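Undergrad: Predicted structure and sequence below. I'll ask about it afterward.
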Amino acid sequence: MGLEAMPTTMIMVLESPAKKRRKLLMALEKCNEDLNALKKIIDTIQFSKRLSLTAEIKRCWEEQSNEK
């Protein structure tokens, strides 16, 4: 008469707002960590490209000075 045990699916739906907020903050923190990791990867690639370009420019200068 209304005192039966609640199904487990219903129990999961009835999370407290504080628990939902905690889960959301944890997910947001994980997203932030992932974003920072991606930024590091992008920075590394950009640095590598600049380093390669610098080496190429240096080779060109050396070739030009050797031709003279």
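TA: Great, that's in hand.
Undergrad: any residues touching stretch 32-43, and which ones?
TA: The contact list for stretch 32-43 (CB atoms under 8 Å, 6 or more residues apart in numbering) is empty. C-betas here are computed from N, CA, C, even on glycine.
Undergrad: quick one: buried residues of that stretch?
TA: Using 16 or more other CB atoms under 10 Å as the test for burial, stretch 32-43 gives no buried residues.
Undergrad: what pLDDT, on average, does it get?
TA: Taken as a whole, stretch 32-43 has a mean pLDDT of 98.
Undergrad: shift numbering so it begins at 30
TA: Got it, first residue is 30 now, which makes that one stretch 61-72.
Undergrad: tally of neighbours for Glu91?
TA: 10 (other CB atoms under 10 Å).
Undergrad: And the pLDDT for it?
TA: So, for Glu91, pLDDT stands at 86.
Undergrad: element containing the residue nearest to Glu44 when sequence neighbours are not counted, please.
TA: Distances taken as CB to CB, 6 or more residues apart in numbering place Lys52 nearest to Glu44, at 8.0 Å, with adjacent residues excluded. Element membership for Lys52 (DSSP states H and E) is helix 46-96.
Undergrad: Now do the residue nearest to Glu44 against Asn65, distance only.
TA: 21 Å (CB to CB, to the nearest Å).
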